[in-house]
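> Would you be able to build a 3D model of this:
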Amino acid sequence: MLHKNSMASRVFLMALLFSCSSMSSTARYLEEAVPKKEYPPHPIIPELPKPELPPHPAMPELPKPELPHPLLPDVPHPVVPETPKEPGVPHPVVPEVPKPELPLHPAMPVLPKPELPHPAVPEVPKEPEAPHLVVPEVPKERELPHPIVPEVPKEPEVPHPVVPEVTKKPKVPHPVVPEVPKEPEVPHPAMPELPKPEMPHHAVPEVPKEPHVSHPEVPKEPELPHLAVPEVPKHEMPPFPKAELPPKPEFHFPEPAAKP
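Prediction:
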């Protein structure tokens, strides 16, 4: 029963959503297609008094059932016996071993250093000094006398031309512009206020509510059986032929001759 009610409510909600979406789409289409007209202002509708509903009845609080606690039997704790301690074993007394006395190191005699004779180095005869060659003196070149440069006579100084002074132009006085008389201000005409036309209030008729339509239950579609797909046999490819490479040629290089 509950399952049927939930299914009916779901179907009703789906139909309501579908109808709302279709109404909104048609309203948009009509707004775009039909040009807007200017209507008179809406009349003021008096507020309807809200109906006073009776208060909700006070629901008495139900007493909570107290569940009986199950009595658990006392389980005695097992007594663990004490393990006896092992008797302490005394440590054996280790006798002290006397240290052996080592003999003293014998004194090593100092050996005399043998004196090696210095070998006699024969004197190398000095080479005879070669006589210095006499370099003949090179005669100096004669100094040529400097040529006498004649003095160039100076050009006579040209006097600068005297620039005559330019007389300044006399200043021209600015012309006096006469003031233009201002035009008298014209007062704006007073516009008479027009009386506002009173539009008659139209009585808005009440729209009757649509009767509730019960939607029939949508029968479920029967589940179709899954078709068994036959397996496609795999085609076995023949093995690829192995490529046989020709044998590598053998090269015989002459051995290099041993260096003397």
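> so where is the stretch 1-150 of the chain shaky, pLDDT-wise?
Along the stretch 1-150 of the chain, segments meeting pLDDT under 70 span 1-4, 33-37.
> give me the element the residue most central in space within the chain is part of.
Most central residue of the chain, judged by C-alpha distance to the mean C-alpha position with CA atoms, centre = their mean, is Ser21 at 42.3 Å. Ser21 belongs to helix 2-33 when assigned by DSSP states H and E.
> Check which helices and strands that helix is in contact with.
Contacts defined by 3 or more CB pairs under 8 Å, 6 or more residues apart in numbering; DSSP states H and E place helix 2-33 against no helix or strand at all. Every C-beta, even on glycine, is put in place using the N, C-alpha and C of the backbone.
> Flag every buried residue along that helix.
In terms of neighbour count (16 or more other CB atoms under 10 Å), helix 2-33 has no buried residues at all.
> For Pro136, see how far away Glu143 is.
Glu143 sits 22 Å away from Pro136, taking CB to CB, to the nearest Å as the criterion.
> do the same with Pro178
The spacing between Pro178 and Pro136, counted by CB to CB, is 117 Å.
> For Glu47, give its distance to Lys209.
Taking CB to CB as the measure, Glu47 and Lys209 are separated by 20 Å.
> And Pro76, by the same measure?
Between Pro76 and Lys209 the distance, using CB to CB, works out to 79 Å.
> pLDDT of stretch 195-203, averaged?
Model confidence over stretch 195-203 averages 70 on the pLDDT scale.
> Hmm, I typed the wrong one, I wanted stretch 228-236.
In this model, stretch 228-236 has an average pLDDT of 75.
> and the end-to-end length of it?
From the first residue to the last, stretch 228-236 extends over 24 Å; the measure is CA to CA, to the nearest Å.
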